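**Student:** Generate a structure from the sequence data that follows.
(one chain, ligands or ions: 1)
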Amino acid sequence: MMCIGTIRFLFLNPAEHDAMTNPENSLTQKQITHFTQRIDARKSLLLDEIRQVLARSKKENYADLLGGAGDSGDAAAASLLRDITEAEIIRDVGEVRDIAAAEQRLAAGEYGVCIDCGSAIRYKRLDAYPTAKRCLACQERREKLQAPSPYTGR
Ligand SMILES: [Zn+2]
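**Tutor:** Purely as a prediction, here's the structure:
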């Protein structure tokens, strides 16, 4: 009977095999613990920030928060603050989602493995973006595919 490792080995293409045997490209348990802690700390920070932003947005006196925008500026200030608050929340929630996905990959033992090509993501890249789910090559390819559209401008 073949063990899972043997079966997996049989299905690896040469590039994946290189990535798995190259020590520079595979994470040690210590490194995984390090990233787990960093991701965890970042999540607590973001959740705190989201709570604070939500609490702040519930306060009615927007002008005070902006430091005396004056009577005529109140409406504009309120609208500006709402926009800022929304942008902050959207950004934070997006990051929390990335973190949750990284936690799932950690739990599944798939952390640091590119979701597109299955290669190991380089330590340097994970160090810069602990929630990275793609290797640099796949990320760049993806960004090229998602080049600004003439219709949406994004
Ligand atoms: Zn990849």
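
**Student:** mind listing what Leu27 touches?
**Tutor:** Phe35, Tyr111, Gly112, Ala120, Tyr123, Leu126 (C-beta atoms under 8 Å, 6 or more residues apart in numbering). Where you see a C-beta, it was placed from the backbone N, CA and C, and this is true even at glycine.

**Student:** What is the nearest of these to Ile89?
**Tutor:** Phe35 (25.5 Å; C-beta to C-beta).

**Student:** could you say what helices and strands the helix or strand where that closest one lies packs with?
**Tutor:** Assigned by DSSP states H and E, Phe35 belongs to helix 29-58. Other elements packing on helix 29-58 under the criterion 3 or more C-beta pairs under 8 Å, 6 or more residues apart in numbering; DSSP states H and E are helix 74-108.

**Student:** Next, the buried residues of the next helix or strand after the helix it packs on.
**Tutor:** With elements assigned by DSSP H and E, the helix or strand that comes after helix 74-108 is helix 123-128. Within helix 123-128, the residues that count as buried by 16 or more other C-beta atoms under 10 Å are Tyr123, Arg125, Leu126.

**Student:** Could you do stretch 92-107 as well?
**Tutor:** Asp92, Glu95, Val96, Asp98, Ile99, Ala102, Glu103, Leu106.

**Student:** residue contacts, the third one?
**Tutor:** Under the criterion of C-beta under 8 Å, 6+ apart, the contact partners of Val96 comprise Lys43, Leu46, Leu47, Ile50.

**Student:** Now with 10 Å, please.
**Tutor:** By C-beta atoms under 10 Å, 6 or more residues apart in numbering, the contact set of Val96 is Arg42, Lys43, Leu46, Leu47, Glu49, Ile50, Thr131.

**Student:** For the ion, state which of those is nearest.
**Tutor:** Thr131 (15.2 Å; C-beta to the ion).

**Student:** How about the contacts made by the closest one?
**Tutor:** By C-beta under 10 Å, 6+ apart, the residues touching Thr131 are 35, 38-39, 42-43, 95-103, 105, 111.
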